[in-house]
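K.L.:
sequence? don't have it. structure:
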Ligand SMILES: Cc1cc2nc3c(=O)[nH]c(=O)nc-3n(C[C@H](O)[C@H](O)[C@H](O)COP(=O)(O)OP(=O)(O)OC[C@H]3O[C@@H](n4cnc5c(N)ncnc54)[C@H](O)[C@@H]3O)c2cc1C
């Protein structure tokens, strides 16, 4: 009997993880990708002897990767490094950084007089965050929903005591537990991992403080994050999965019930028995399937995560004192975070994140050199449409970093690449350049998020950051499991 064929649109982590699961279950799998190489946002840039991870630099919930490899019956091919300190936070008003250790007693010493009685306060805060994590993990995050009623029924089983945290912001929740401004800012940085500010992130996401400090911490991959993609490509190739690059799906052919083919930019038809879309689940419905509920006006009215502005620098010399992961913040957090992301003006004193992966992966830079990745969250293209000031913003950030680490980075730069939100949009089809896809307010999660099964076509599924459960590498791996569950139930192999 002929095998059932699945066509996957996009080779992001979500697409690759789904391809791996389906191939393991006996489907014939083909993938098409717009970019010239696999990985999506988890991509790699090689330039002038330096290697950069283009997007993600660390992740939580490392066990989700292990689950994926267990699912397909192979030992975990990746070497994971646990981060401790998790990261360092530099404020403009303070000479030395806060090192964010996982051990609360050590962390208490970092905060010192700034946050008296830190350990007791943090323990109480994290205990509540732990309860939210475990009370929602299987009821809201790791499951499929068959419509809003099903979602509502599932939500109703979550203990009522968490209810108020749906309506408070993360910032106000932190204010109930901590007094020091720096403590609150540092604990609120997890909101940015969701692509939002703590002022517009619901307090339930305090669970992310539990995942980072207690549950599983943060990890990166030996040899760089792109090792994840290389390992997956190897497994996919061994299982006969065919990948075609520089191929963008721009149209669809369908009958009343099923997609019959997707059409690429050259007019070529790609046929299969079933289709999995790893492109943004909201944008794809609007732009390719022409669904009214996702037309441009509706898409623009949705809540999207912040856009990335990223800089990749190959630098001669060593930046002593910097850890692998570092945040550089000013002294006006509330005003900055509340205003900057909805304006058309680039920040004058930007807040940014710096990752120096050559610190733990020397192969990523020539001897005596360092590879520096800088990520500055900025407004998406709905708010700031033009980026003629790209080089100027990059210079401002590099100048600020040079002053704060005491090293003339500009004078020692051997290679420099900058991606603004337009680049991010065009490279990976990210709607309005939004970095992490749809935001995670209560109106856009669970049963309210674009579903992973199409509303109309019975052979079209979605996987990745803008469908359920949401964004971030381990969450996208969960997404691949949920999409696969649907497919196995609807289109069994025999
Ligand atoms: C700058 C940045 C930093 C980040 N840092 C972290 C981090 O440290 N830790 C973490 O956990 N997460 C991080 N994330 C988030 C993480 O990268 C994403 O959640 C995850 O990679 C999304 O995977 P995905 O499979 O959903 O989508 P993608 O990676 O976007 O993959 C989708 C793929 O589909 C392709 N595609 C789209 N449309 C079409 C089409 N029409 N035809 C053909 N191909 C198409 C795209 O080119 C892309 O390759 C970061 C994201 C960014 C942007």
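P.N.:
It's in. All figures in this text were calculated on a predicted structure; none of them were measured in a lab.

K.L.:
alpha carbons only for contacts and neighbour counts from here, please
P.N.:
Noted.

K.L.:
Okay, now stretch 423-440: how far is its last residue from its first?
P.N.:
Start and end residues of stretch 423-440 are separated by 24 Å (C-alpha to C-alpha, to the nearest Å).

K.L.:
Let me fix that, I meant to ask about stretch 310-330.
P.N.:
19 Å.

K.L.:
And that stretch, what's buried?
P.N.:
Of the residues in stretch 310-330, those scored as buried under the neighbour-count criterion (16 or more other C-alpha atoms under 10 Å) are 310-316, 319, 322-329.

K.L.:
Of these, which is the nearest to the ligand?
P.N.:
Of all the buried residues of stretch 310-330, residue 310 has the smallest distance to the ligand: 6.6 Å, by C-alpha to the nearest ligand atom.

K.L.:
what helix or strand is residue 313 on?
P.N.:
Using DSSP states H and E, the element containing residue 313 is strand 307-316.

K.L.:
contacting residues around that strand?
P.N.:
Strand 307-316 has contacts (C-alpha atoms under 8 Å, 6 or more residues apart in numbering) with 50, 52, 195, 365, 368-381, 394, 409, 412-421, 424, 433-436.

K.L.:
What's the PyMOL line that selects buried ones from those?
P.N.:
For anyone working in PyMOL, the buried entries among the contacts of strand 307-316, judged by 16+ other C-alpha under 10 Å, can be selected with:
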select buried, resi 50+52+195+365+369+370+371+372+373+374+375+376+377+378+379+380+381+394+409+413+414+418+419+420+421+424+433+434+435+436
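
K.L.:
Near the ligand, which residues of this protein are found?
P.N.:
If contacts are counted using C-alpha under 6 Å from any ligand atom, the residues of the chain sitting beside the ligand are 9-15, 32-35, 39-42, 55-59, 247-250, 278-279, 308, 428-429, 435-436, 464-465, 471-473, 476.

K.L.:
Which among these count as buried?
P.N.:
Among the residues of the chain next to the ligand, the ones that count as buried by 16+ other C-alpha under 10 Å are 9-15, 32-35, 39-42, 55, 57-59, 247-249, 278-279, 308, 428-429, 435-436, 464-465, 471-473, 476.

K.L.:
quick check: domain ranges of this structure?
P.N.:
When the chain is parsed with automatic domain parsing, its domains come out as 5-36+245-302+440-490, 103-216.

K.L.:
Need the nearest residue in space to residue 43, chain neighbours excluded.
P.N.:
The shortest distance from residue 43 to any non-neighbouring residue, by C-alpha to C-alpha, 6 or more residues apart in numbering, is to residue 54 (5.1 Å).

K.L.:
Also residue 66?
P.N.:
Nearest residue to residue 66 in three dimensions, chain neighbours excluded: residue 76, at 6.1 Å (C-alpha to C-alpha, 6+ apart).

K.L.:
Who are the contact partners of the one you found?
P.N.:
Applying C-alpha under 8 Å, 6+ apart, the residues near residue 76 are 65-66, 69-70.

K.L.:
which SSE is it in?
P.N.:
Secondary structure here is read from DSSP H and E; on that basis residue 76 sits in neither a helix nor a strand.

K.L.:
Which residue ranges of the stretch 101-250 of the chain form strands?
P.N.:
Defined through DSSP state E, counting those that start in this stretch, the strands belonging to the stretch 101-250 of the chain, from first to last, are 219-221, 242-244, 249-254.

K.L.:
whoops, I mixed them up, the stretch 251-400 of the chain
P.N.:
All strands of the stretch 251-400 of the chain, identified by DSSP E, counting those that start in this stretch, fall at 259-264, 269-271, 274-277, 307-316, 325-329, 352-355, 369-378.

K.L.:
contact partners of the shortest one?
P.N.:
Yep, that's strand 269-271 we're talking about. For strand 269-271, with C-alpha under 8 Å, 6+ apart as the criterion, the contacting residues are 7, 260-264.

K.L.:
Check which residues of stretch 343-354 are buried.
P.N.:
Judged by neighbour count (16+ other C-alpha under 10 Å), stretch 343-354 contains these buried residues: 344-347, 350-354.

K.L.:
Let me see the mean pLDDT of that stretch.
P.N.:
Here stretch 343-354 scores 90 as its mean pLDDT.

K.L.:
which residues are in contact with that stretch?
P.N.:
Outside of stretch 343-354, the residues within contact range by C-alpha under 8 Å, 6+ apart are 324-330, 340, 372-379, 383-385, 389, 393, 396-397.

K.L.:
Check the offset of whatever helix or strand residue 29 lives in from the chain's centre.
P.N.:
Secondary structure assignment for residue 29, by DSSP H and E: strand 28-32. Averaging C-alpha positions (C-alpha atoms, centre = their mean, to the nearest Å) puts strand 28-32 24 Å from its chain's average.

K.L.:
Next: stretch 271-283.
P.N.:
Between the mean C-alpha location of stretch 271-283 and the chain-wide mean there is a distance of 19 Å, by C-alpha atoms, centre = their mean.

K.L.:
what pLDDT, on average, does that stretch get?
P.N.:
Averaged across stretch 271-283, pLDDT comes to 98.

K.L.:
Between the two ends of that stretch, how far is it?
P.N.:
Comparing the first residue of stretch 271-283 with its last one, the separation is 22 Å (C-alpha to C-alpha).

K.L.:
Just the buried residues of stretch 61-71, please?
P.N.:
If you call a residue buried by 16+ other C-alpha under 10 Å, then stretch 61-71 has these buried ones: 61-62, 64-65, 68-69.

K.L.:
Give me the contacts around that stretch.
P.N.:
For stretch 61-71, using C-alpha under 8 Å, 6+ apart, the contacting residues are 17, 21, 75-76, 211, 216-219, 474, 477-478.

K.L.:
next one: stretch 164-183
P.N.:
By C-alpha under 8 Å, 6+ apart, the list of residues contacting stretch 164-183 from outside reads 111, 114-115, 118, 121-122, 125, 184, 187-188, 191, 198-206, 442.

K.L.:
ok so, going back, take the buried ones among the residues of the chain next to the ligand and keep only those in helices.
P.N.:
When helices are assigned by DSSP state H, the members of those inside them are 13-15, 428, 473, 476.

K.L.:
I'd like those residues as JSON lines, with pLDDT appended.
P.N.:
Rendered in JSON lines, the data for these read as follows (pLDDT from 0 to 100):
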{"residue": "13", "pLDDT": "98"}
{"residue": "14", "pLDDT": "98"}
{"residue": "15", "pLDDT": "98"}
{"residue": "428", "pLDDT": "98"}
{"residue": "473", "pLDDT": "98"}
{"residue": "476", "pLDDT": "98"}
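
K.L.:
Return the closest of those residues with respect to residue 157.
P.N.:
Among these, residue 476 lies closest to residue 157 (C-alpha to C-alpha), at 24.4 Å.

K.L.:
Please determine how far the nearest residue in space to residue 245 that is not next to it in sequence is located from residue 432.
P.N.:
Leaving aside its chain neighbours, residue 245 sits nearest to residue 33 (4.7 Å; criterion: C-alpha to C-alpha, 6+ apart). Applying C-alpha to C-alpha, the value for residue 33 to residue 432 is 19 Å.

K.L.:
If residue 89 is in a bridge, with which residues?
P.N.:
Beta-bridge pairing of residue 89 under DSSP bridges involves residue 98, residue 327.
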